[in-house]
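Undergrad: Sequence plus predicted model, see below.
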Amino acid sequence: MVNVILADDYPLIRTILKEFFKLNYPEFKVIGEALNGQEAVELARRLSPDIVIMDIKMPVMDGIKATELIKAHNPDIDVICYTGYRHDLLEQKAIQAGASAFFLKPFDLQVIARKILQINEKKLPLRQVN
């Protein structure tokens with residue numbers, strides 16, 4: 001099971017991601033939803049997800065600052081950032097803040113899911129062969 005927090009100020013985006021995962025990737029469990037970066041940080045501290053999928057442009061606290069705080073508190077939590085704003089510095093800032101991946105909207109939901117699987121695979125312990 002991969003525990004996921006969704007952070008986006010638009011409920012429709014969170015619903016689309018949640019329903020896509022439910023229908024196509026039952027191993028992804030959405031354990032929390034945040035309306036802004038501050039809520040994402042608080043949820044990440046309380047719930048310790050495997051991955052936070054986060055919009056960059058949100059009220060109260062943006063996704064870049066939230067990523068920094070999440071990674072500072074628990075470096076094992078991976079953060080995937082996305083935005084609809086096409087600005088080269090946003091990707092650079094997100095990666096510097098500790099994001100594992102960055103996507104521009106509109107993005108392919110399958111690509112996000114494959115990135116989650118790839119990130120999670122790296123976390124799994126290697127099997128010992130007897």
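TA: Yep, that arrived.
Undergrad: Can you pull up the most central residue in this protein?
TA: The C-alpha lying nearest the average C-alpha coordinate of the chain belongs to I53 (C-alpha atoms, centre = their mean; 1.9 Å).
Undergrad: Report the contact partners of it.
TA: I53 is in contact with V4, I5, L6, A7, L17, V79, I80, Y82, I112, I116, counting by C-beta atoms under 8 Å, 6 or more residues apart in numbering. For glycine as for every other residue, the C-beta is placed from the backbone atoms N, C-alpha and C.
Undergrad: Narrow these to those in helices?
TA: Of the contacts of I53, the ones assigned to helices by DSSP state H are L17, I112, I116.
Undergrad: export the residues you listed to CSV and tack on distance to R86 and neighbour count?
TA: Putting those into CSV (distance: C-beta to C-beta, whole Å; neighbours: other C-beta atoms under 10 Å) gives the following:
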residue, distance to R86, neighbour count
L17, 21, 20
I112, 18, 20
I116, 23, 23
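Undergrad: Which one of these is nearest to E27?
TA: Distance to E27 across those (C-beta to C-beta) is lowest for I116, with 9.4 Å.
Undergrad: just the strands in the protein please.
TA: Under the criterion DSSP state E, the chain contains strands at 2-7, 28-34, 51-55, 78-83, 101-104.
Undergrad: now the helices: where do they sit in the protein?
TA: 11-24, 37-47, 63-73, 88-97, 109-123.
Undergrad: For the last one, report the contacting residues that lie outside it.
TA: Applying C-beta under 8 Å, 6+ apart, the set of residues contacting helix 109-123 from outside is 2, 4, 16-17, 20-21, 24-25, 28, 50-51, 53, 76, 78, 80, 82, 100-101, 103.
Undergrad: Redo the helices of the chain as JSON lines? Include mean pLDDT and distance to K57.
TA: Listed next are the helices of the chain as JSON lines, based on pLDDT from 0 to 100; distance: least, C-beta to C-beta, whole Å:
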{"stretch": "helix 11-24", "mean pLDDT": "96", "distance to K57": "12"}
{"stretch": "helix 37-47", "mean pLDDT": "98", "distance to K57": "10"}
{"stretch": "helix 63-73", "mean pLDDT": "97", "distance to K57": "7"}
{"stretch": "helix 88-97", "mean pLDDT": "90", "distance to K57": "9"}
{"stretch": "helix 109-123", "mean pLDDT": "89", "distance to K57": "18"}
